[in-house]
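A.B. asks: return a 3D structure for these sequence lines:
(chains A and B)
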Amino acid sequence: MKNKTSQDINKLAKEYNNELLKGIKLLHTLIHDFINHKLDKSKLDGVIQAEKKCDRIKEQYIRVLFQDKRALPFLVEDRYKIITLVDEGLGRVEFFSRFLCVYPFEFYDEISKEFSRICEICSELMEELIETLELMETDFDAAYEKTFEIEATRREARKIKFDLLEILYKKTDNPIKVYLTSKLVTYLYDIISHVEDIADYLRGLIIKYPTR
Amino acid sequence: MFTSIIIIIFVLISIFIAFAIGANDETFSTVHGSRTLMMREILILTTILAILGAFFLGKGVSETVGKDLLNIEVTDAIALTILISTAIWLIISSLLGIPISTTHSTIGSIMGVGILIAGFGGVNWLKILEMSFWWLLSPIIGYIVSYLVYKLIHKTIISKLNGFQDFERTERIFSYILLGVICLTAFSRAGNDCSNAVGIVVGVGINLNFILIIAGISFALGIIVLGRTVIKSVGKITELVPSSAFASQVPTAIILFAGTFLGIPLSGSHMLVASLLGLAKARRAPVKKGLWKVILIWLLTFPVAALLSLLLYVPIDIFI
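C.D. replies: Numbers count the residues shown, from 1 in each chain, chains lettered A, B, ... in the order given. Next up, the predicted model:
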């Protein structure tokens, strides 16, 4: 039978993941609006609010995590490290939203397809990451496999990023627009790259556990 | 008046001996190393167990120290010299955070006092040689048993675990078993050690229960003041989780118990340190640097304890 604290931890983790997913999905929709020149920038506040809500849940999660005197310290440490890493990723999502909010130009139509794809990858990877995090609790083997899937998808994103940058750096119309658009691509890729870092960490963690 | 002073001095010596033995007690080291309990909880638990163990199990006063190992009659002065020199060496090694074998220290003292009084003929070397065989074997047994037990646990239980929750549940069960065994060991060890410590004041007219409780408190104080260093140091020899701590501590406790039952003088401290090394080998985990200091102190135990008893015997004999 599970004790109350471990139930609390699981409940909070689920709450955190739901909120994170909500924020990511909203960002995904808004990026599509942005590409189609229909973005209502005030809606980006929804992503920032989701991040804030996640932050509050994270604080609660950490409090409960360290409150459980009977919890095994190495598990506490590992769970703490995971939540802080995911939170850092969410921080990047928030940063991207804020950047998008102040981005002053219309997006280039000729790269909208690639940008849309990289945005989809970001959303997909976040979902996969959440799935992996849930699997970490119950199934190391499946989680281990998932980390490789994340890595493979990240490779595709890297290729798209450089394709996008190649196109952008050849543009001569407006250097500031080129610079800021390249930043937009880079910041979106940073989120993807961080998801892969988390997946790498999780893989290392699984190997560290003597079950493998 | 003079008799009362003598009794008080003997009681103080008993307290000192109990303190010294407690100072070098590493029983809870794997519990601390696997972080099943924090140091504060260990100290509270150990105090309770020491007092209870001393009170309930300490009444079976131990045999005369050195009876089988000396070819001379064991007088009060000899017994006292052996106990005090053992206690001093225990305290020195505890200050260094190194667990030593109380038995080895006692035998070193016996050799010293035996040689001083009757030359080399004063010591039963054949018995010492017989015991040496087991001293050498203790760490080897600890190493091998711990290695095999961990491999077995890993193959049958740990390798089948999947996910944090599974791991958490299993490790928690191991931590409960480990804690139960350790508490039992600590309880019986406190009884046995306090019994040894109060042996010198039995029959002098002091209430035995009272003196045993005092010895239990001193034993606990030894752990609180100096023993925590030893507990920390042994617990850090290799990385521990409850299942691996179980693999190193529980078989050691069982073998030690069987050894005591069969009259084989195995060293608990040596077995534990060696079993932690066996465990590290089985888990392919790193081992703390500086283990040579532990080996050096183990090797120095005989000569230093012997030297201490050589120096202490004459003043104690005059005093008594």
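A.B. asks: dump the residue contacts of whichever residue of the stretch 201-320 of chain B sits closest to chain A.
C.D. replies: Proximity of the stretch 201-320 of chain B to chain A (CB to the nearest CB) peaks at B:Val241, 6.5 Å away. Backbone N, C-alpha and C define where each C-beta goes, glycine included. If you count contacts by CB atoms under 8 Å, 6 or more residues apart in numbering or on different chains, B:Val241 has them with A:72, A:74, B:34, B:171, B:174.
A.B. asks: how about those in JSON lines, adding neighbour count?
C.D. replies: Shown next, in JSON lines, are the contacts of B:Val241 (neighbours: other CB atoms under 10 Å in any protein chain shown):
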{"residue": "A:Leu72", "neighbour count": "21"}
{"residue": "A:Phe74", "neighbour count": "18"}
{"residue": "B:Ser34", "neighbour count": "27"}
{"residue": "B:Glu171", "neighbour count": "24"}
{"residue": "B:Phe174", "neighbour count": "23"}
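A.B. asks: follow-up on the earlier one: where does the residue of the stretch 201-320 of chain B closest to chain A fall, phi/psi-wise?
C.D. replies: phi -130, psi 160 (degrees, to the nearest 10).
A.B. asks: near chain B, which residues of chain A are found?
C.D. replies: Within chain A, the positions near chain B by CB under 8 Å from any CB of the partner chain are A:6, A:70-75, A:78-79, A:135-141, A:143, A:209-211.
A.B. asks: filter the residues you listed down to the buried ones, PyMOL style.
C.D. replies: Written as a PyMOL command, the selection of buried residues from the residues of chain A next to chain B, which uses 16 or more other CB atoms under 10 Å in any protein chain shown, is:
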select buried, chain A and resi 6+71+72+74+75+78+79+135+136+137+139+140+143+209+210+211
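A.B. asks: ok so, going back, of the contacts of B:Val241, which is the nearest to B:Glu41?
C.D. replies: Sorting the contacts of B:Val241 by how near they are to B:Glu41, with CB to CB, puts B:Ser34 at the top with 13.1 Å.
A.B. asks: for the closest one, give me its contacts.
C.D. replies: Contacts of B:Ser34 (CB under 8 Å, 6+ apart): B:175, B:178, B:235, B:240-242, B:244-245.
A.B. asks: now the residue in the stretch 51-200 of chain B that chain A sits nearest to. Nearest residue, chain neighbours left out?
C.D. replies: Residue of the stretch 51-200 of chain B nearest chain A, by CB to the nearest CB: B:Gly163 (4.1 Å). Leaving out its chain neighbours, the residue that sits closest to B:Gly163 by CB to CB, 6 or more residues apart in numbering or on different chains is A:Thr138, at 4.1 Å.
A.B. asks: check the one you found and give its pLDDT.
C.D. replies: We note a pLDDT of 90 for A:Thr138 in this prediction.
A.B. asks: could you pull up phi and psi at it?
C.D. replies: Note on A:Thr138: its backbone torsions stand at phi -130, psi -20 [degrees, to the nearest 10].
A.B. asks: just to check, it is in contact with B:Arg169?
C.D. replies: No. Using CB atoms under 8 Å as the test, A:Thr138 is too far from B:Arg169 to be in contact (11.3 Å).
A.B. asks: what sits in contact with each of those two?
C.D. replies: Among the neighbours of A:Thr138, none is also in contact with B:Arg169 (CB under 8 Å, 6+ apart).
A.B. asks: how far off centre is the lengthiest helix in chain A?
C.D. replies: Longest helix of chain A, by residue count under DSSP state H: helix A:175-208. How far helix A:175-208 lies from its chain's middle: 9 Å, per CA atoms, centre = their mean, to the nearest Å.
A.B. asks: can you map out the helices along the stretch 201-320 of chain B?
C.D. replies: Using DSSP state H, counting those that start in this stretch, the helices assigned to the stretch 201-320 of chain B run over residues B:208-222, B:228-235, B:242-262, B:268-283, B:291-319.
A.B. asks: could I get those as CSV with distance to B:Ser93 and mean neighbour count?
C.D. replies: Output for the helices of the stretch 201-320 of chain B, formatted as CSV (distance: least, CB to CB, whole Å; neighbours: other CB atoms under 10 Å in any protein chain shown):
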stretch, distance to B:Ser93, mean neighbour count
helix B:208-222, 12, 23
helix B:228-235, 8, 22
helix B:242-262, 19, 21
helix B:268-283, 10, 25
helix B:291-319, 5, 17
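A.B. asks: Throw those into CSV and include mean pLDDT, thanks.
C.D. replies: Listed next are the helices of the stretch 201-320 of chain B as CSV, based on pLDDT from 0 to 100:
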stretch, mean pLDDT
helix B:208-222, 91
helix B:228-235, 92
helix B:242-262, 83
helix B:268-283, 90
helix B:291-319, 91
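A.B. asks: who are the packing partners of the longest helix along chain B?
C.D. replies: In chain B, taking DSSP H as the definition, the longest helix is helix B:164-198. Under the contact definition 3 or more CB pairs under 8 Å, 6 or more residues apart in numbering or on different chains; DSSP states H and E, helix B:164-198 sits against helix A:73-102, helix A:112-138, helix B:2-23, helix B:29-33, helix B:39-57, helix B:208-222, helix B:242-262.
A.B. asks: what's the following helix or strand after the second one?
C.D. replies: What that stands for is helix A:112-138. helix A:140-169 (DSSP states H and E).
A.B. asks: beyond the lowest-mean-pLDDT helix or strand in chain A, next helix or strand please.
C.D. replies: Using mean pLDDT, DSSP states H and E, helix A:4-35 stands out as the lowest-scoring helix or strand of chain A, at a mean of 90. Sequence-wise, the next helix or strand downstream of helix A:4-35 (DSSP H and E) is helix A:45-67.
A.B. asks: would you put the C-alpha positions of that next one in PDB?
C.D. replies: C-alpha atoms of helix A:45-67 as PDB (Å, rounded to 0.1, in the frame of the first residue of the first chain):
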ATOM      1  CA  ASP A  45       0.500  35.300 -21.800                       C
ATOM      2  CA  GLY A  46      -1.200  31.900 -21.400                       C
ATOM      3  CA  VAL A  47       2.100  30.100 -21.900                       C
ATOM      4  CA  ILE A  48       3.700  32.400 -19.300                       C
ATOM      5  CA  GLN A  49       0.900  31.700 -16.900                       C
ATOM      6  CA  ALA A  50       1.200  28.000 -17.500                       C
ATOM      7  CA  GLU A  51       4.900  28.300 -16.600                       C
ATOM      8  CA  LYS A  52       4.100  30.200 -13.400                       C
ATOM      9  CA  LYS A  53       1.500  27.600 -12.500                       C
ATOM     10  CA  CYS A  54       4.100  24.800 -13.100                       C
ATOM     11  CA  ASP A  55       6.600  26.700 -10.900                       C
ATOM     12  CA  ARG A  56       4.100  26.700  -8.000                       C
ATOM     13  CA  ILE A  57       3.400  23.000  -8.500                       C
ATOM     14  CA  LYS A  58       7.200  22.400  -8.600                       C
ATOM     15  CA  GLU A  59       7.700  24.200  -5.300                       C
ATOM     16  CA  GLN A  60       5.000  22.100  -3.700                       C
ATOM     17  CA  TYR A  61       6.400  18.900  -5.300                       C
ATOM     18  CA  ILE A  62       9.900  19.700  -3.800                       C
ATOM     19  CA  ARG A  63       8.400  20.500  -0.400                       C
ATOM     20  CA  VAL A  64       6.500  17.100  -0.300                       C
ATOM     21  CA  LEU A  65       9.600  15.300  -1.800                       C
ATOM     22  CA  PHE A  66      11.800  16.500   1.100                       C
ATOM     23  CA  GLN A  67       9.100  16.100   3.700                       C
END
